[in-house]
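# No sequence on hand, only this structure:
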């Protein structure tokens, strides 16, 4: 293998330079390509020459790099817009990256409500798309209702053309504990800034600020999905839209989970394997964006998914 590297390293490096246009990056990418070749040497069948195979690996490595670079640049552009908005609005903004599972927190004056300080416009990065230090200050009933609203919004947007998604937002009023430990109403909004080239939802933005309204919400959190251009309130029909989030089999399994059945018992009742039950249960958590079965049952029940 060492001789193969020596025979091809200059050509691999030159290919990487042509693809990415940066000599230092090209050197690292060429090294990454050879590492992948070494790790995958057992899969090399000799149907083509080693040179052809390593050139293909190098091309793929460079394309992946360029995609990541483009995504980073787009994230930075969005963060710059978020910074500018926060400097004017003084809100607390959380931009979540659904691809890398991390969030970027940018706090204006309202950040102090949640104990989040720092210079206005400064970006803090956390390794999660869930703002736990914020959620723990919000009333549990409102956390559930907000989650249901966001889940409806997420699946509503998935059906919209990518170019139309920025037109919509959610708006709700949540009870959150202030510095004295007393619940006061705050205003929360969510919108999606970007989708991937494949059309998947990618960058979500949550905004928190003072409610500006002393009136108590009339219906829970008064959560709505709104067209930001026209002001139209979008009505989501639970009976029509929500059950299809889970398949018929997943709803059957979750109904049995709600009744206290264990996975082994569910497999026996439905006549399917234990592995199939466990796979469906994991899919349920993913689709409902929850961490455990109890949260899944509560969310599905709130959305009228279960009989």
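Arrived safely. The structure presented is a predicted model; accordingly, all values stated were derived computationally and were not measured.

# Look at residue 99 and say how many residues are nearby.
Other residues within reach of residue 99, judged by other C-beta atoms under 10 Å, total 14. C-beta: built from backbone N, CA, C; applies to glycine.

# Against residue 134, how distant is the closest residue to it other than its chain neighbours?
Take residue 99 and drop its neighbours on the chain: the residue closest to it by C-beta to C-beta, 6 or more residues apart in numbering is residue 202, 6.0 Å away. Here residue 202 is placed at a distance of 21 Å from residue 134 (C-beta to C-beta, to the nearest Å).

# And residue 201, by the same measure?
For residue 201 relative to residue 134 (C-beta to C-beta), the value is 21 Å.

# more crowded one of those two?
Applying other C-beta under 10 Å to residue 201 and residue 134 shows that residue 134 carries more neighbours, namely 22 against 19.

# tell me the secondary structure for residue 181?
With DSSP: H, G, I helix; E, B strand; the rest coil as the basis, the three-state label of residue 181 is coil.

# any idea which helix or strand comes after whichever helix or strand residue 281 is part of?
In this structure, residue 281 is located in helix 274-288 according to DSSP states H and E. Remark: after helix 274-288, the chain's next helix or strand is helix 293-302, criterion DSSP H and E.

# any idea how far residue 193 is from the spatially most central residue of the chain?
With distances taken as C-alpha atoms, centre = their mean, residue 98 lies nearest the centre of the chain, 2.5 Å away. Applying C-beta to C-beta, the value for residue 98 to residue 193 is 11 Å.

# my guess is residue 171 meets residue 186, correct?
No - in this structure, residue 171 is not within contact of residue 186 by C-beta atoms under 8 Å, at 11.9 Å.

# Which of these two has more residues huddled nearby?
Ranked by neighbour count (other C-beta under 10 Å), residue 171 and residue 186 place residue 186 first, with 25 against 19.

# what's the distance between the more buried one and residue 289?
From residue 186 to residue 289 the distance is 22 Å (C-beta to C-beta).

# Report whether residue 185 is found in a helix, as I expect.
No - read with three-state DSSP, residue 185 is strand and lies in no helix.

# for it, what are its contacts?
Counting by C-beta atoms under 8 Å, 6 or more residues apart in numbering, residue 185 makes contact with 173-176, 211, 213, 216-217.

# now swap in residue 253 and tell me
Residues near residue 253 by C-beta under 8 Å, 6+ apart: 266, 270, 277, 280-281, 284.

# which residues in the chain form strands?
92-97, 102-107, 123-126, 168-177, 183-195, 201-210, 224-227, 233-234 (DSSP state E).
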